[in-house]
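**Q** Okay, sequence plus prediction incoming.
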Amino acid sequence: MAEERRGGIRHAALTATVLAVCVAALWITDFFDSRRFIEGIPALAQLASEMVPPDFGRWQHWLKPLLDTLAMSIAGTVLAAPNTSPNGLLCQVTRTLLAFLRSVPEIILGVIFVAAVGFGALPGVLALALHSVGMVGKFYAEAIEHVDPKPLEAARAAGATPLQVITHSVIPQVFPQLADITLYRWEYHFRASAVLGIVGAGGIGFELMAALRLIAYDQVSAILLSILACVVVVDALGARLRKALK
């Protein structure tokens, strides 16, 4: 009974700490400053009035950037492959590298690669791939860490090589999770690749930025609706693929 009471107190203390941190973060970012919200309402209303109705007059010019955006999302996902490590040191080095790649936002990588290889879809693909290697590698590693060890032990006892253990005992257990993670990253990459175009890394984001610079908010709303339609299609396709792979 006393142990349960102590556990309840610890849980309540942890919950209170998390809530206090969240409230502090909201306060630091001026979330509770009602004056800023009130002053921003007229500006939002003006912006909304300028975005309606959407202007699809340049839709032919958006097809190629939209295809570039889709191609960037697929290529970036393909290049983010899993990896395994045969010893502890290599495992730690790999985890550190993955953490570094995760810590750099795609848009910063996009700026770097635009400076390195020029404008177009290639810097966007490289930025998405490098950042996604960090994210996907972490998720893959966690999925592999939680596999049932008994099939691995049985395979080793039968004289299987490390590669055979991976292909016959590890991958069959984690394949559904790996497929889910990969499809999720593809869906995420489509959204991220639209943003990367803003820094010159190809895709529909370049057209979006051009419309914003011209203060053509009716075209901005039309581009955003086009991106939304593509996101819905990508999400639906991802759901179909998930169902097919289960």
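**A** Cool, the structure landed. All of these numbers come straight from a predicted model, not from anything done at the bench.

**Q** tell me which element Ile171 is part of?
**A** Using DSSP states H and E, Ile171 maps to helix 171-196.

**Q** Now do the buried residues in that helix.
**A** For helix 171-196, burial by neighbour count (16 or more other Cβ atoms under 10 Å) applies to 173-174, 177-178, 180-190, 192-196. The C-beta positions use only the backbone N, C-alpha and C, and glycine is treated the same way.

**Q** if I look at the most centrally placed residue in the chain, how far off is Ala25?
**A** Nearest to the mean C-alpha position of the chain, by Cα atoms, centre = their mean, lies Tyr188 at 4.3 Å. Noted for Tyr188: a distance of 24 Å to Ala25, by Cβ to Cβ, to the nearest Å.

**Q** Report how many residues lie close to the closest residue to Ala211 other than its chain neighbours.
**A** If the residues on either side of it in the chain are set aside, Ala211 comes closest to Gln219, at 4.1 Å by Cβ to Cβ, 6 or more residues apart in numbering. The number of residues packed near Gln219 is 23, by other Cβ atoms under 10 Å.

**Q** quick one: Gln219 and Arg58 touch, right?
**A** Yes: counting by Cβ atoms under 8 Å, Gln219 does reach Arg58; the two are 6.5 Å apart.

**Q** show me the contacts for the residue nearest to Ala211.
**A** Going by Cβ atoms under 8 Å, 6 or more residues apart in numbering, Gln219 touches 54-55, 57-58, 211.

**Q** Same list, these, but as a markdown table with neighbour count and pLDDT please.
**A** As requested, those are exported to a markdown table (neighbours: other Cβ atoms under 10 Å; pLDDT from 0 to 100):
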| residue | neighbour count | pLDDT |
| --- | --- | --- |
| Pro54 | 16 | 78 |
| Asp55 | 16 | 74 |
| Gly57 | 11 | 73 |
| Arg58 | 14 | 70 |
| Ala211 | 21 | 82 |
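
**Q** for the very next helix or strand once past the helix holding Ile171, which positions count as buried?
**A** Going down the chain from helix 171-196, the next helix or strand is helix 204-213, by DSSP H and E. Within helix 204-213, the residues that qualify as buried are 204-211, counting by 16+ other Cβ under 10 Å.
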